[in-house]
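>>> got a predicted structure here, sequence first:
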Amino acid sequence: MFPERLDAPQAFDIAKAMLDGFNRHYQLFRSESARAKHRFETADWHGQQRAQRERIEFYDLRVKEAVQRLEKEFKAGQQSMEVWHQVKLHYIGLLVDHHQPELAETFFNTVTTKILHRTYFHNDFIFVRPAVSTEYIENSEPAATPTYRSYYPTRETLRDELVRIVHNFRLARPFEDLERDAGFVLEAIAARLSHVKLRANFQIQVLSSLFFRNKGAYVVGKIINGFSELPFALPILHGREGKLVIDTALFGEDELLMLFSFARAYFMVDMEIPAAYVQFLRSLMPRKPRGELYTALGLAKQGKTLFYRDFLYHLRHSSDKFRIAPGIKGMVMLVFDLPSFPYVFKVIKDFFPPQKDTTREQVQGKYLLVKQHDRVGRMADTLEYSLVAFARERFEDELLEEIRRFAPSQLEIGDRDGDGHEEVVIRHLYIERRMIPLNIYLQEAFDAGASEQVEHAVVEYGNAIKDLVAANIFPGDMLWKNFGVTRNGKVVFYDYDEIEYLTDCNFRKVPQARTEEEELSGEIWYKVGPRDVFPETFEPFLLGNPAVRDVFLRHHADLLDPAFWESHKARILAGHVHDVFPYAREQRFARRQQVANAEAVA
């Protein structure tokens, strides 16, 4: 129950200090995101990578600062629950006309739960549901930049408007030939609209900030014509002599879902009103959860908040039980799922078999490495939670017994609230999108006699490893079971306990046996360092099936050669940052032009 009076003098000051802490956080977050434009213009790729890593840490640092201030100035942890009720009401009042109220509410939750005991997590002291609407927020100041701009071309002026759209971003670097690139985009649009009548409301709406990631900048918008809307994105890259090019044109929800995939690094976008950006992006990708969009924009904590709200809502409207996840059980992670919910839950075991020389802290470090690294569309993002409470009746007994056996330190079962309802509390877990394990996907393809499916999976598997290599990642355990297949057929890696930077590994050929005894020995007779890798030895573990072996050797035989790995390692150590595209190379305008030129010559 909320208090009838707001008569605690310190309550407003606590609320104001809390909001000051959030405002400082978002100002720093936004400033770092805005600087991505300069880093792109100056081709400072290492700086972009460094900023990407550092920005992820901003939130926790600002929360720590806010907690310290509240304890020092107000002895916040000693305040009565009556005062904390009033703090929340004052805070809500301060969020009227705020431009990031949903983020500020989440910041309040984080700081409050750091100060108060966790038994208060689910009551009136935090924002279990949003208290301030994010609908139609806009900066009303005359000089403010709107969330998106609208352009009104005709068929005759469409090319000129495309040039104008790009010019309006004021990139401080010349294009190779923007008129030429606009012509390529116009051809791509014309292929979709050539027989379509342009309606009175024909327009192009474009978000006012570029989306920066890796070595690219993306124009994101939609074409509106009558009742139809066509989402699009235009990747801008550095071409020859450092001049800019529009690399391709992406159209439709499916291609934008690939661009905003959960297996890719977060964008840097300068946003005054993030809720408005998310609302616009939802109009382009209605199947994408809002939480994943916030996460893709670098607002991971808000993504976690919305995910958890969606999860609780799903639990209220479902009745199936958590179970041990299908597939081969891992040696490091205990994995469970809820059949009706498209995610899996992963708990680090308390002990590991001898062949897994690692610790809980090291495993957590690997997951943090992935969180901060460029995932290049090949490593699943994870949501990390602590002290997560579930209703006991939603767990299969077999699953609880599995947790008791392998991760007892992570499990609590009891009636915390004294209301007769037992809860299961997991101390620490990771949550990630459910995928079909690649070994199961291949087995299903074999059973169905689907040779094309087998070929696609094996080729994608090799491509996934090569993309990881380009991003300076050696996956460690490359067995099929450690990769998954997404709903659009993309192969993604998701087992991180043996992951290493490629540049920290030594890729060697297996030495020639010196004697017959050595050649016939079942034991490794040559010296092996802790980070020595022998690519030739992948073959017996991966290519036992003749059909898989044939496809793999046709497309990815170089993965069995140490020279492949060492050459990439040398390029990375020399400072080279590889291009990894969130679209097929065949879609690139330069590639199309090469094909067209070759056909013209022929």
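Structure received. The structure presented is a predicted model; accordingly, all values stated were derived computationally and were not measured.
>>> nearest residue to the middle of this structure?
residue 262 (3.8 Å; C-alpha atoms, centre = their mean).
>>> and the residue nearest to that one when sequence neighbours are not counted, how many neighbours does it have?
Nearest non-adjacent residue to residue 262, counting by C-beta to C-beta, 6 or more residues apart in numbering: residue 381, 4.7 Å away. Yep, even glycine has a C-beta here, placed from its N, CA and C like the rest. Neighbour count for residue 381, taken as other C-beta atoms under 10 Å: 23.
>>> check residue 227 too.
Applying other C-beta under 10 Å, I find that residue 227 has 7 neighbouring residues.
>>> endpoint to endpoint, stretch 321-333 covers what distance?
Using C-alpha to C-alpha, to the nearest Å, the end-to-end distance of stretch 321-333 comes to 20 Å.
>>> residues making contact with that stretch?
The contact list for stretch 321-333, computed with C-beta atoms under 8 Å, 6 or more residues apart in numbering, reads 335-339, 344-349, 352-353, 355-356, 358, 363, 390, 393-396, 398-399, 402, 437, 439-440, 481, 495, 497.
>>> show the buried residues in these.
335-338, 344-349, 352, 356, 363, 390, 395, 399, 402, 437, 439-440, 481, 495, 497 (16 or more other C-beta atoms under 10 Å).
>>> if we can go back for a sec, for the residue nearest to the centre of the chain, helix, strand, or coil?
Classification of residue 262 by DSSP: H, G, I helix; E, B strand; the rest coil places it in coil.
>>> gap between it and residue 370?
Counting by C-beta to C-beta, to the nearest Å, the separation of residue 262 from residue 370 is 12 Å.
>>> name the residues contacting each of the two.
Residues touching both residue 262 and residue 370 by C-beta under 8 Å, 6+ apart: residue 381.
>>> residue contacts, the residue nearest to the centre of the chain?
The neighbours of residue 262, taking C-beta under 8 Å, 6+ apart as the test, are 292, 295, 296, 380, 381, 432, 433.
>>> what's the pLDDT at residue 580?
Listed pLDDT for residue 580 reads 83.
>>> coming back round to it: tell me the one of the contacts of residue 262 nearest residue 563?
Minimum distance to residue 563 across the contacts of residue 262 is 29.8 Å, recorded for residue 380 (C-beta to C-beta).
>>> surely that closest one is in contact with residue 433?
Yes: here residue 380 reaches residue 433: they are 6.0 Å apart, a contact under C-beta atoms under 8 Å.
>>> who's more crowded, those two?
More crowded of residue 380 and residue 433, by other C-beta under 10 Å: residue 380, with 23 against 20.
>>> residues touching the more buried one, list them.
Contacts for residue 380 (C-beta under 8 Å, 6+ apart) come out as 262, 263, 432, 433, 435, 484, 492, 493, 494.
>>> now the terminal residues of stretch 557-566, how far apart.
With C-alpha to C-alpha applied, stretch 557-566 spans 15 Å between its terminal residues.
>>> buried sites along that stretch?
By 16+ other C-beta under 10 Å, the buried positions in stretch 557-566 come out as 559, 560, 562, 564, 565, 566.
>>> and the residue lying closest to the third one once chain neighbours are set aside, bridged to which residues?
Meaning residue 562. Distance criterion C-beta to C-beta, 6+ apart; nearest residue to residue 562, sequence neighbours excluded, is residue 507 at 4.2 Å. Judged by DSSP bridges, the bridge partners of residue 507 are residue 533.
>>> distance of residue 507 relative to residue 305?
Taking C-beta to C-beta, one finds residue 507 at 42 Å from residue 305.
>>> what's the offset of the lengthiest helix in the chain from the middle of its chain?
Criterion DSSP state H: the longest helix present in the chain is helix 45-74. Relative to the centre of its chain, helix 45-74 is centred 19 Å away, using C-alpha atoms, centre = their mean, to the nearest Å.
>>> if we can go back for a sec, isn't the residue nearest to residue 262 up against residue 298?
No: counting by C-beta under 8 Å, residue 381 stays clear of residue 298, with 11.9 Å between them.
>>> what sits in contact with each of these two?
With C-beta under 8 Å, 6+ apart, residue 381 and residue 298 have no common neighbours.
>>> would CSV of the buried residues of stretch 557-566 with distance to residue 527, secondary structure and pLDDT be doable?
CSV is the format used below for the buried residues of stretch 557-566 (distance: C-beta to C-beta, whole Å; DSSP: H, G, I helix; E, B strand; the rest coil; pLDDT from 0 to 100):
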residue, distance to residue 527, secondary structure, pLDDT
559, 24, helix, 97
560, 21, helix, 96
562, 16, helix, 96
564, 23, helix, 96
565, 19, helix, 97
566, 19, helix, 96
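>>> what is the nearest of those residues to residue 55?
Lowest distance from residue 55 to the buried residues of stretch 557-566 (C-beta to C-beta) belongs to residue 565, with 30.5 Å.
>>> pretty sure residue 130 is touching residue 104, no?
No: the pair residue 130 and residue 104 does not pass the contact test of C-beta under 8 Å, sitting 10.5 Å apart.
>>> of those two, which one has the most company?
Applying other C-beta under 10 Å to residue 130 and residue 104 shows that residue 104 carries more neighbours, namely 24 against 15.
>>> hang on, residue 238 packs against residue 217?
No: with contact defined as C-beta under 8 Å, residue 238 does not count as touching residue 217 (9.7 Å).
>>> show me where the stretch 451-600 of the chain has helices.
Counting by DSSP state H, counting those that start in this stretch, the stretch 451-600 of the chain has helices at residues 451-470, 516-520, 538-542, 546-556, 562-573, 589-601.
>>> most packed of the ones you listed?
Among the helices of the stretch 451-600 of the chain, helix 451-470 has the highest mean neighbour count (mean count of other C-beta atoms under 10 Å), at a mean of 20.
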